[in-house]
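Colleague: Provide a 3D model corresponding to the input given below.
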Amino acid sequence: MEQTYLAIVNPAAGGGRSRKLLSPALERLQAGGIKVEVMESQAAGDATEIARKAYVQGTRKFIAVGGDGTSYEIVNGLYPQALEGERPTLGFLPLGTGNSFLRDFSDRGVEYAIESLLAHRSRACDVLRLRHRTGVIHYINLLSMGFTADVATLRARRFSGWGELGYVTSIVLTLARFNRRPFPIRTEASENFDRRSCLFLSFNNSKFTGGTMMIAPHAQVDDGLVEYVRWGPIGRLGLIRNLPGLYDGTHIEHSLAERKAARHIEFNLDGPADVMVDGEVLTLHCEELDVLPGALNVVA
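Modeller: Down below sits the predicted model:
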């Protein structure tokens with residue numbers, strides 16, 4: 001039976017290679033009996049509007065063509081409206097700069113994504129919902145604040161076209177500034193807010209960020225939980241020594257690191273903070289974070 005997907009393409013993803021590599025991928029999908037309609041985003045936020053309108057008009061199968069940011073926009077076009085209707089399905093053609101989410105399933109990128117689509121392979125995936133002072137956002141990868149968000153913010157503002165080198169450069173410069181501070185939060189199992197100073201906090205649905213950083217090695221996309229990772233006020237030299245651990249997940253074995261699995265997290269921030277959400281940099285006054293268990297089907 002032929003299946004029809006709406007592919008939402010970010011033509012700027014991967015320095016423009018997203019559009020260049022799309023045609024061969026579409027030919028393989030179509031040869032395998034998958035019909036694909038294509039729409040391109042033209043500016044930030046376009047993918048959200050395209051997904052929102054398509055869902056209202058009856059589309060339930062989508063493909064994100066780009067990086068993590070493209071998937072993030074599509075997810076925010078689908079929710080919260082999809083909570084009242086049929087569960088949507090999201091596939092991927094990871095042709096952008098950062099493609100972290102799919103690494104939970106394979107490191108073969110586009111090839112794996114195409115194989116999954118052709119095999120009609122899908123699984124339930126949780127969607128994380130953040131309520132902030134002026135609205136709500138949804139995501140499927142992770143939200144972080146502190147050092148990791150500082151790195152992402154610097155990269156987005158100054159080194160967006162540098163690829164992996166942009167991450168490394170941003171890490172080095174953020175190390176020079178090294179701003180450790182508290183982000184008061186509490187989980188449903190805690191009576192009091194944790195106001196300890198820290199290097200970073202990360203609230204994860206999946207394991208990876210920045211392409212290959214394994215921030216949350218214990219995260220599962222379908223367990224109905226937020227994987228919360230905290231790294232305390234480690235010193236600059238200590239962080240440099242332990243940077244490789246951010247890529248293989250062993251950083252959580254450090255004496256200043258800790259992890260928890262939670263269903264609900266409450267924030268008590270003094271004001272807005274820079275956060276990194278699924279590859280996107282935002283400034284939000286975070287209030288509450290919870291989980292929508294199995295709200296999305298992902299092709300993976």
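Colleague: and the strands in the stretch 101-250 of the chain, which stretches?
Modeller: According to DSSP state E, counting those that start in this stretch, the stretch 101-250 of the chain carries its strands in the segments 123-132, 135-139, 142-146, 181-182, 185-187, 197-198, 200-204, 208-209, 213-214, 226-231.
Colleague: what residues sit buried inside the first one?
Modeller: Judged by neighbour count (16 or more other C-beta atoms under 10 Å), strand 123-132 contains these buried residues: 125-132. Any C-beta I mention is one placed from the backbone N, CA and C, and that applies to glycine too.
Colleague: partner strands of it, parallel or antiparallel?
Modeller: strand 135-139 (antiparallel), strand 286-298 (antiparallel) (DSSP bridges).
Colleague: can you list the ones you listed in TSV and add mean pLDDT, distance to Ile234 and mean neighbour count?
Modeller: As requested, those are arranged in TSV below (pLDDT from 0 to 100; distance: least, C-beta to C-beta, whole Å; neighbours: other C-beta atoms under 10 Å):
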stretch	mean pLDDT	distance to Ile234	mean neighbour count
strand 135-139	98	26	18
strand 286-298	98	23	19
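Colleague: please name whichever of the ones you listed is nearest to Ala189.
Modeller: strand 286-298 (14.0 Å; C-beta to C-beta).
Colleague: verify the contact between Ile234 and His254 for me.
Modeller: Yes - with contact defined as C-beta atoms under 8 Å, Ile234 reaches His254; the gap is 7.1 Å.
Colleague: higher neighbour count, these two?
Modeller: Using other C-beta atoms under 10 Å as the criterion, Ile234 and His254 rank with Ile234 on top: 22 against 16.
Colleague: next one: the more buried one from Glu287, what distance?
Modeller: Using C-beta to C-beta, to the nearest Å, we find Ile234 at a distance of 28 Å from Glu287.
Colleague: next one: Leu117
Modeller: Taking C-beta to C-beta, one finds Leu117 at 37 Å from Glu287.
Colleague: the closest residue to Arg121 other than its chain neighbours: neighbouring residues, count only.
Modeller: Excluding its sequence neighbours, the residue lying closest to Arg121 (C-beta to C-beta, 6 or more residues apart in numbering) is Val299, at 6.3 Å. The local packing of Val299 (other C-beta under 10 Å) involves 25 other residues.
Colleague: and what of Gly166?
Modeller: When neighbours are defined as other C-beta under 10 Å, Gly166 has 21 of them.
Colleague: now do the closest residue to it other than its chain neighbours, the pLDDT please.
Modeller: The shortest distance from Gly166 to any non-neighbouring residue, by C-beta to C-beta, 6+ apart, is to Phe159 (3.6 Å). For Phe159, the pLDDT comes out at 90.
Colleague: tell me the contacts of Phe159?
Modeller: Residues in contact with Phe159 (C-beta atoms under 8 Å, 6 or more residues apart in numbering) are 165-166, 169-170.
Colleague: filter the residues you listed to the buried ones?
Modeller: Burial by neighbour count, judged by 16+ other C-beta under 10 Å, picks out 166, 169-170 from these.
Colleague: what stretches of the stretch 1-150 of the chain score poorly on pLDDT?
Modeller: Within the stretch 1-150 of the chain, the stretches with pLDDT under 70 are 1-2, 14-19, 96-98.
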